[in-house]
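# Provided below are the primary sequence and the corresponding predicted coordinates.
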Amino acid sequence: MIATVSEIKTLTGLADSYDAQIEALIPMVQNYIVDYTGNRFEMYANGEARFNKLTGAFLEEAEASNVVFDSTNKTITAPTSLDYSKYGIAIGKDISVRGSRYNDGLYTVEAVNTNVITVSESLNGESLTNLVTVYLVNFPQSLKFIASQIIKHWLLSKSTSGVQSERLGDYSINYSGDLPAVIIKQLNNYRQVKFV
């Protein structure tokens, strides 16, 4: 998870009355950041190993064929020959799934039992014979502040649809889409080139 409810509240000063809304917005903001930047913050390939660009820690990638996604139990099950915990996948970690038909995306791990990952988010039921890869995700600490500012903006600001800037005396603010330009500028530091 990019940030916890308590971290968002500490960084923004939002009251306890916003807890439920903050909790609902965290995954939305997380996906917004990933979509906007084109950066999944995954461990990156270096030969046959994976490494985190921030820490330099190396991990092998967890990939397998014949993976089953269970919507009822929110589980991702690989063949018994794969041990997800060997790849650093643990409770509370974020993962990115690629290679599925309906379940590619970001998830938070609730439990790991050898070849079975249980996630917090909903899954679509499917069984696949093709290769499915699970990557560890590591959001930089600096994204906590950006995520908190996006949540605060979404909760407290009036709609800015169609408004490019506002001025009140010496105070002015410019918008890029629905977010202030200062937030967009910070997000741009994490953008990656997308090849289509």
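That came through, no problem.
# Might one say that Val134 is in contact with Glu63?
Yes - counting by CB atoms under 8 Å, Glu63 is a contact partner of Val134 at 7.2 Å. From N, CA and C alone the C-beta is placed, and that goes for glycine too.
# And the helices in the chain, which stretches?
5-12, 19-37, 142-156, 181-188 (DSSP state H).
# nearest to Arg98, of those helices?
helix 19-37 (12.6 Å; CB to CB).
# how is the protein carved up into domains?
Per automatic domain parsing, the domain ranges recorded for the chain read 5-40+141-188, 44-137.
# Kindly tell me how buried the residue nearest to Met1 when sequence neighbours are not counted is, as a neighbour count.
Once flanking residues are discounted, Met1 sits nearest to Thr108: 5.4 Å by CB to CB, 6 or more residues apart in numbering. As a burial measure, Thr108 scores 17 neighbours (other CB atoms under 10 Å).
# Same check on the one 10 residues further on?
Here the count is done by other CB under 10 Å, and Thr118 has 18 residues near it.
# Skip the chain neighbours and tell me the closest residue to it.
Thr118 sits nearest to Ala111 (CB to CB, 6+ apart), 4.1 Å away.
# from memory the one you found sits against Ile91, does it?
Yes - between Ala111 and Ile91 there is a contact at 6.1 Å, judged by CB under 8 Å.
# Low-confidence stretches in this structure?
For the chain, the stretches flagged by pLDDT under 70 are 43-61, 158-177, 194-196.
# wouldn't Glu126 be in contact with Gly99 here?
No - counting by CB under 8 Å, Glu126 does not reach Gly99; the two are 11.2 Å apart.
# ok, Val29 - contacts?
Ile2, Ala147, Ile150, Ile151, Trp154 (CB atoms under 8 Å, 6 or more residues apart in numbering).
# can you put these in a markdown table and add neighbour count and distance to Tyr32?
Formatted as a markdown table, the contacts of Val29 follow (neighbours: other CB atoms under 10 Å; distance: CB to CB, whole Å):
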| residue | neighbour count | distance to Tyr32 |
| --- | --- | --- |
| Ile2 | 24 | 10 |
| Ala147 | 26 | 9 |
| Ile150 | 26 | 7 |
| Ile151 | 25 | 10 |
| Trp154 | 16 | 9 |
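# Which positions within stretch 103-120 qualify as buried?
For stretch 103-120, burial by neighbour count (16 or more other CB atoms under 10 Å) applies to Asn103, Gly105, Leu106, Tyr107, Thr108, Val109, Val112, Asn115, Val116, Ile117, Thr118, Val119.
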